[in-house]
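[1] Mind folding the following:
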Amino acid sequence: MLAVCFREFKSLFKSIRSLIIIGVIFGVTLGAAKLVSSFQRQLQELGLGDSAYATGLLILILIASPLFVSTLTHSTINEEFKSRTIRFIATKTSRENIVIGKFLGNLFFWIVCLFVALLLIIPFSKAFHVPELMQSIVFVSYFVGLSLLLSTLIPKPGVTGFLGMAIAVVVPILGLWSIASENIFLKIYSYITPYYFFSQDNDLYIYIVLIFPIIFLAISLFTIRKRDL
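    Numbering: from 1, shown residues only. Next up, the predicted model:
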């Protein structure tokens, strides 16, 4: 499992798409930090203070990370089936370890990216914002688990690529809309997205989101046991 995790983690950093996304995250983080520094006094009057830097990064994660994650993770399992490399990997470890290793490799990649992004704003904020880091990791884990599930259920990488991008656009729009809407269907929908839990005043609600990637991972494990290699 650890070998699969490390292989996935290393392959993500070698990907051109990954490097572009990392550049976007770091660029936006530094840009937001410089922008916020121009309005430091006004933000302090509003009670935001130095946390505004980390809040800017968190907002970026809430809006853009579904697209970032789906771009990198949509074919993490089905590409192995398509290229037949799954047969070789399965001779060295179990199917369950492959799925868990893939999940952990992708998640660890994002943890490193988020950690470095928060390090970049320390010269501006004069602090390392652990709560925002943890909240960002929880949020990203939802979409890592969802992308992994789609890649396990759907055999064609092209289909998961299109579907993943569609979900990455639709889920944030409907998720944010459902928070303020009184529509009963949107209210029900909000409970299966992380946006409802992130909108609550009590930060403990945020960690309820961890239930979802666990469910996605469990379904992925059940599905891959039934698939022919």
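[2] list the helices and strands the helix or strand containing Leu146 packs on?
    In the assignment (DSSP states H and E), Leu146 maps to helix 130-153. Judged by 3 or more Cβ pairs under 8 Å, 6 or more residues apart in numbering; DSSP states H and E, helix 130-153 is in contact with helix 51-73, helix 78-82, helix 95-120, helix 157-180, helix 194-198, helix 211-226. All C-beta atoms are positioned from the backbone trio N, CA, C, and that covers glycine.
[3] Ok, which of those helices comes nearest Ile22?
    helix 95-120 (5.8 Å; Cβ to Cβ).
[4] just to revisit the earlier point, out of the helices and strands packed on helix 130-153, which is closest to Leu149?
    Using Cβ to Cβ, the nearest of the helices and strands packed on helix 130-153 to Leu149 is helix 211-226, at 4.3 Å.
[5] other SSEs contacting the closest one?
    In terms of contacts (3+ Cβ pairs under 8 Å, 6+ apart), helix 211-226 is packed against helix 95-120, helix 130-153.
[6] Go through these and pick out the most buried.
    helix 130-153 (a mean of 22; mean count of other Cβ atoms under 10 Å).
[7] Please find the angle between the direction vectors of it and helix 51-73.
    10 degrees (axes from the mean of the first three to the mean of the last three Cα atoms, to 10 degrees).
[8] wait, which of the helices and strands packed on helix 130-153 is closest to Met1?
    Closest among the helices and strands packed on helix 130-153, using Cβ to Cβ: helix 95-120, at 3.9 Å.
[9] re earlier: could I get the helices and strands packed on helix 130-153 as a markdown table with mean pLDDT?
    Formatted as a markdown table, the helices and strands packed on helix 130-153 follow (pLDDT from 0 to 100):
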| stretch | mean pLDDT |
| --- | --- |
| helix 51-73 | 81 |
| helix 78-82 | 84 |
| helix 95-120 | 90 |
| helix 157-180 | 90 |
| helix 194-198 | 91 |
| helix 211-226 | 93 |
